[in-house]
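Engineer: Test case, fold it:
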Amino acid sequence: MNILAFESSCDETAAAVVRDGRTVLADAIASQVEMHTIYGGVVPEIASRKHVEAIAGLTDQALAQAGLTKRDVDAVAVTYGPGLIGALLVGVNFAKALAYGLGVPLVPVHHVRGHIAANYITHPDLEPPFVCLCVSGGTTLIVDVRGYTEMEILGATRDDAAGECFDKVARVLGIGYPGGAPMDRLSQGGDDRRYAFPQVHVHDAPLDMSFSGLKTAVINLIHNAQQKGEKLDLPGLAASFSAAVSEMLVPRVMAAARSRDYGKVAVAGGVAANSRIRADLEAACARSGDRLYLPRLSLCGDNGAMIGCQGYYEYLAGRRAGMDLNAYANRDIQLG
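Structural biologist: Predicted structure coming up:
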């Protein structure tokens, strides 16, 4: 079964062709990062316009890479939330028109479910159930993946997402946007105990997280040093911050893994590319005996292949959308 899939939830336009859920025939991506870098973050209206400009050409590119024509498409899958509403609507409306014109089913896909599915592409042997840490610029969740389309949130951030914190701190330091990769590079060789940052524990919700206090503490430290003319140990700052984020995430996902006893832990989303978090999870799983599944780095960010993969399992579960499909800025992963 060939699924033509679209992703346009933020600042990447992507079109992919995925066969039978796990075989990626093509994955074409147009990134807008350079355009948004000058603003220090994504400008929603610009993102929407760029999606409009790119999506048709990417569709042709993906089909050509796959060696297929539109007649070979069996279904169309599309991200319909969560994300930037204008950006999502570009992908949703294009997918609706294409599915209608081809006379094939339209399959709606939750963006974060797609990130989880990136692990199925990287690890052909991975099947539910497992516990997954979903961590990106817009999401920080611990999810019980009971089945391909059956999921339960075990823990979540109460405020900022972990990836948002990396972006904001990197912006204050002036080292680039998005902030994950520059912060990771800066932290290499730094002393992760150079600066002490707060850790938050949510009363009566041990698996929930909070990153706003950590973000504020780091930004205040930077601003105070700038105002006093003091020089900061930037590699130490980046390493200490990365360690603090990891210490918020890793113990909680491992506690969730113990509570479910599946023996399998996965990670999904853009922050899954962070070297400190990956290393800490590898060490924690080595101690616990759980098997760790990490998506390959090229699949950590937004892409169409993950949507095509999850779209296949949504299709098998009977999920279909009509021409009234809408986009959602917020959408519970448990609802799909």
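Engineer: Quick one: name whatever helix or strand follows the one helix or strand residue 92 maps to.
Structural biologist: Element membership of residue 92 [criterion: DSSP states H and E] is helix 85-102. On the C-terminal side of helix 85-102, the nearest following helix or strand under DSSP H and E is strand 106-110.
Engineer: Packing partners of the helix holding residue 92?
Structural biologist: Contacts defined by 3 or more C-beta pairs under 8 Å, 6 or more residues apart in numbering; DSSP states H and E place helix 85-102 against strand 2-7, helix 44-66, strand 75-81, strand 106-110. Every C-beta, even on glycine, is put in place using the N, C-alpha and C of the backbone.
Engineer: between the ones you listed, which gets nearest to residue 156?
Structural biologist: With distances scored as C-beta to C-beta, the stretch of these nearest to residue 156 is strand 106-110 (14.7 Å).
Engineer: Strand 106-110 and the helix or strand just after that closest one, what's the angle between them?
Structural biologist: With elements assigned by DSSP H and E, the helix or strand that comes after strand 106-110 is helix 111-122. If you take axes from the mean of the first three to the mean of the last three C-alpha atoms, to 10 degrees, helix 111-122 sits at 100 degrees to strand 106-110.
Engineer: Return the list of helices and strands in contact with helix 111-122.
Structural biologist: strand 75-81, strand 130-135, strand 140-145, strand 264-268, helix 304-316.
Engineer: what's the most buried one of those?
Structural biologist: Highest mean neighbour count of the helices and strands packed on helix 111-122: helix 304-316, a mean of 29 (counted as mean count of other C-beta atoms under 10 Å).
Engineer: hey, C-alpha coordinates of it in PDB?
Structural biologist: Output of helix 304-316 as PDB, limited to C-alpha atoms (Å, rounded to 0.1, in the frame of the first residue of the first chain):
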ATOM      1  CA  GLY A 304       6.700  13.400   5.900                       C
ATOM      2  CA  ALA A 305       7.900   9.800   6.300                       C
ATOM      3  CA  MET A 306       6.800   9.700   9.900                       C
ATOM      4  CA  ILE A 307       3.300  10.900   8.900                       C
ATOM      5  CA  GLY A 308       3.100   8.200   6.200                       C
ATOM      6  CA  CYS A 309       4.200   5.600   8.600                       C
ATOM      7  CA  GLN A 310       1.600   6.500  11.300                       C
ATOM      8  CA  GLY A 311      -1.000   7.100   8.500                       C
ATOM      9  CA  TYR A 312      -0.700   3.500   7.500                       C
ATOM     10  CA  TYR A 313      -1.600   2.300  11.000                       C
ATOM     11  CA  GLU A 314      -4.400   4.800  11.300                       C
ATOM     12  CA  TYR A 315      -5.700   3.500   8.000                       C
ATOM     13  CA  LEU A 316      -5.600  -0.100   9.200                       C
END
